[in-house]
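Enquirer: This is a predicted model, with the sequence first.
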Amino acid sequence: MSKALKADYLGHRKRIKAKYKSSGIKGWLDYEVLEFALSFTILRKDTKPIAKQLLSEFKTLNSVLDADRKELEKVGGISEHSALFLNFLKDIAIIYLEKGLYKKDLVSSPDVVYDYLKASLKGLADEEFKVMFLNSRNRLLAIETIQKGTVNKSVVYPRKIVERALYHHATGVIISHNHPGESLKPSEDDYSITKAIKAALRTVDIVLLDHIIIGGNGYFSFKENGVCNDFKEV
């Protein structure tokens with residue numbers, strides 16, 4: 001690399017860092033966010049072309065962060081180290097959102113639940129089933145991944161959910177899973193497992209507060225859509 005080219009990208013890197021220091025990333029384009037992030041792992045290259053290539057391949061910033069490490073490594077300029085760093089950024093965001101759940105009444109603040117679930121379940125290659133255990137004030141006690149399955153198949157055992165709810169001394173439960181195919185339409189299995197879990201929890205006086213499906217860029221709430229319409233607030 002010539003001294004002129006090296007000086008040019010180093011100067012640009014200093015400018016974008018100064019821009020972040022002075023005003024944060026509000027209003028930045030997606031490639032600028034990625035460019036700055038990659039500058040922490042790619043020290044001797046201009047990261048703007050690599051950032052733009054990532055967006056060309058995955059279309060959006062969210063899709064880049066959702067992408068599997070091996071898929072990221074197929075993009076020129078992305079090493080295993082850089083791919084791990086991008087995965088790590090998403091994991092930090094998930095932890096941040098999860099920590100915020102403990103401070104809220106989750107029944108009266110459903111948006112924070114949806115935001116967390118979209119961050120943690122969107123983009124997964126396989127189906128994953130999560131359960132949130134709540135106390136009598138609708139505050140979060142714990143989150144557990146009950147089942148990880150292959151695409152279009154997840155076996156969930158109502159008895160296991162009851163056991164974990166009793167372990168956490170929960171009075172309410174929110175269940176959720178993702179549809180890797182991105183459809184938000186509940187399947188027949190989704191309806192049947194919801195009814196089975198609800199009935200099992202009822203035997204120990206624990207309320208199923210909602211079942212949330214994550215797919216594409218949105219979610220489907222059984223409670224909001226009146227499915228199994230005896231969901232109730234406690």
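Expert: On my side now, so go ahead.
Enquirer: going forward, measure contacts between C-alpha atoms and count neighbours the same way
Expert: Will do.
Enquirer: Return the set of buried residues in stretch 191-201.
Expert: If you call a residue buried by 16 or more other C-alpha atoms under 10 Å, then stretch 191-201 has these buried ones: 193-194, 196-201.
Enquirer: Output these in JSON lines; the columns should cover pLDDT and distance to residue 34.
Expert: Compiled in JSON lines, the buried residues of stretch 191-201 are given as follows (pLDDT from 0 to 100; distance: C-alpha to C-alpha, whole Å):
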{"residue": "193", "pLDDT": "92", "distance to residue 34": "40"}
{"residue": "194", "pLDDT": "94", "distance to residue 34": "40"}
{"residue": "196", "pLDDT": "94", "distance to residue 34": "44"}
{"residue": "197", "pLDDT": "95", "distance to residue 34": "42"}
{"residue": "198", "pLDDT": "95", "distance to residue 34": "43"}
{"residue": "199", "pLDDT": "95", "distance to residue 34": "47"}
{"residue": "200", "pLDDT": "96", "distance to residue 34": "46"}
{"residue": "201", "pLDDT": "97", "distance to residue 34": "45"}
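Enquirer: Of those, which belong to helices?
Expert: 193-194, 196-201 (DSSP state H).
Enquirer: Of all pairs in those, which one is the farthest apart?
Expert: With distances taken as C-alpha to C-alpha, the most widely separated pair in those is 193 and 201, at 12.1 Å.
Enquirer: Give the residues shared as contacts by the two.
Expert: Common contacts of residue 193 and residue 201, defined by C-alpha atoms under 8 Å, 6 or more residues apart in numbering, comprise residue 158.
Enquirer: So which of the buried residues of stretch 191-201 is the closest to residue 133?
Expert: Using C-alpha to C-alpha, those come closest to residue 133 at residue 201, 11.8 Å.
Enquirer: For that closest one, give its distance to residue 63.
Expert: 36 Å (C-alpha to C-alpha, to the nearest Å).
Enquirer: Then residue 36?
Expert: 17 Å.
Enquirer: Could you tell me which ranges of the protein sit under the pLDDT cut-off?
Expert: Scanning the chain for pLDDT under 70 picks out the ranges 1-9, 150-154, 228-234.
Enquirer: Would you mind splitting it into its domains for me?
Expert: With domains defined by automatic domain parsing, the chain comprises 3-93, 105-221.
Enquirer: Can I get those in JSON lines including distance to residue 227?
Expert: Output for the domains of the chain, formatted as JSON lines (distance: least, C-alpha to C-alpha, whole Å):
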{"stretch": "domain 3-93", "distance to residue 227": "29"}
{"stretch": "domain 105-221", "distance to residue 227": "8"}
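Enquirer: just those: most buried one?
Expert: Ranked by mean neighbour count under mean count of other C-alpha atoms under 10 Å, these are led by domain 105-221, which reaches a mean of 18.
Enquirer: Quote the end-to-end distance of that domain.
Expert: Span of domain 105-221 from end to end, C-alpha to C-alpha: 17 Å.
Enquirer: ok, so what distance separates the nearest residue to residue 196 once chain neighbours are set aside from residue 197?
Expert: Once flanking residues are discounted, residue 196 sits nearest to residue 158: 6.5 Å by C-alpha to C-alpha, 6 or more residues apart in numbering. Note on residue 158: its distance to residue 197, by C-alpha to C-alpha, is 5 Å.
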